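Chemist: What follows is a predicted protein model with its sequence.
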Amino acid sequence: MATKGSTKEKTKSRIKEPRQYNVIMINDDFTTMDFVVGVLVDIFHKDQVSAEAIMLGVHKNGQAVVGKYPYDIAVTRVNNALARAKEAGFPFRMTVEEA
């Protein structure tokens, strides 16, 4: 209840969207196409058709953006992918760059 003479305080709250970061996959001549597609499906949640298209883009152009995520998510997914590649013995590389 408002009493006589009371004032309402106006507050402005601006919710700032988190900065977005591109996850970039880099081509190499040793990591298998099947492995790359598996990483895209399992870690980056791409469907089979999208994963194959991204993989072919990396193969043809030397690199491709896999997705755009907030920093923590981008780094976590890249680290998971690199750990899987190391375990499998592939020299697979990915980077994170501000979008």
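Modeler: On my side now, so go ahead.
Chemist: any low-confidence regions in the chain?
Modeler: The chain contains residues with pLDDT under 70 at 1-8, 10-11.
Chemist: From the centroid of it, which residue is nearest?
Modeler: What sits nearest the mean C-alpha location of the chain, by Cα atoms, centre = their mean, is Ala74, with 4.0 Å.
Chemist: and the gap between that residue and Asn27?
Modeler: With distances taken as Cβ to Cβ, to the nearest Å, Ala74 is found 19 Å from Asn27. Placement of C-beta: from N, CA and C, glycine included.
Chemist: who's in contact with Ala51?
Modeler: Neighbouring residues of Ala51 by Cβ atoms under 8 Å, 6 or more residues apart in numbering: 36-37, 40-41, 44.
Chemist: Now intersect those with the helices, please.
Modeler: Those of those mapping onto helices are 36-37, 40-41, per DSSP state H.
Chemist: and which of those residues is nearest to Asn80?
Modeler: Of all the ones in helices among the contacts of Ala51, Asn80 sits closest to Leu40, with 12.1 Å by Cβ to Cβ.
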